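Visitor: I would like the atomic coordinates for the input below:
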Amino acid sequence: MPVEITTSISIVDSDIQTGAVETIHYRVTAIDGEYSAGVYGAISPEGLDYATVTEQDCIDAVEAAININQLRGQLTAQIQRKKIPEKRHDLPWQSR
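Guide: Just a heads-up that it's a prediction; the model follows:
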């Protein structure tokens, strides 16, 4: 099953007087079955107007600003480490 990566917009901050979009808060989530990984962040885009901006405009601005392909690779690697862990974090006497 391939890792499913989604970019979602949490909130958009804008200037009421000018209508300029000032900050886009986003989440990028990777899901592979029962395993997931994600990041949350914010960008300050240029040239977006609150009155006409769409969700896709915001997603496109985020993905262009954060190098989405590199992030996809990092999130996929995180999931792989969860699937096949290299380290343990537990109490040894409880797992016997």
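
Visitor: please report phi then psi for Ile84.
Guide: Dihedral angles of Ile84 (phi, psi; degrees, to the nearest 10) stand at phi -130, psi 80.

Visitor: that one and Ala37: what is the separation?
Guide: From Ile84 over to Ala37 the distance is 14 Å, taken as Cβ to Cβ, to the nearest Å. All C-beta spots, glycine's among them, are computed from the backbone N, C-alpha and C.

Visitor: can you count the residues close to Pro85?
Guide: 9 (other Cβ atoms under 10 Å).

Visitor: how about the contacts made by Leu71?
Guide: Counting by Cβ atoms under 8 Å, 6 or more residues apart in numbering, Leu71 makes contact with Val28, Val39.

Visitor: am I right that it sits in a helix?
Guide: Yes - under DSSP: H, G, I helix; E, B strand; the rest coil, Leu71 sits within a helix.

Visitor: so Ile84 and Ala37 - more neighbours on which side?
Guide: Ala37 (20 against 7).

Visitor: the strands in this structure, which residues?
Guide: 4-14, 21-32, 35-43 (DSSP state E).

Visitor: so for Leu75, which of these sits nearest?
Guide: Nearest to Leu75 among the strands of the chain is strand 21-32 (3.7 Å), distances taken as Cβ to Cβ.

Visitor: can I get the strands of the chain in JSON lines including distance to Gln94 and mean pLDDT?
Guide: Shown next, in JSON lines, are the strands of the chain (distance: least, Cβ to Cβ, whole Å; pLDDT from 0 to 100):
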{"stretch": "strand 4-14", "distance to Gln94": "34", "mean pLDDT": "97"}
{"stretch": "strand 21-32", "distance to Gln94": "28", "mean pLDDT": "97"}
{"stretch": "strand 35-43", "distance to Gln94": "23", "mean pLDDT": "96"}
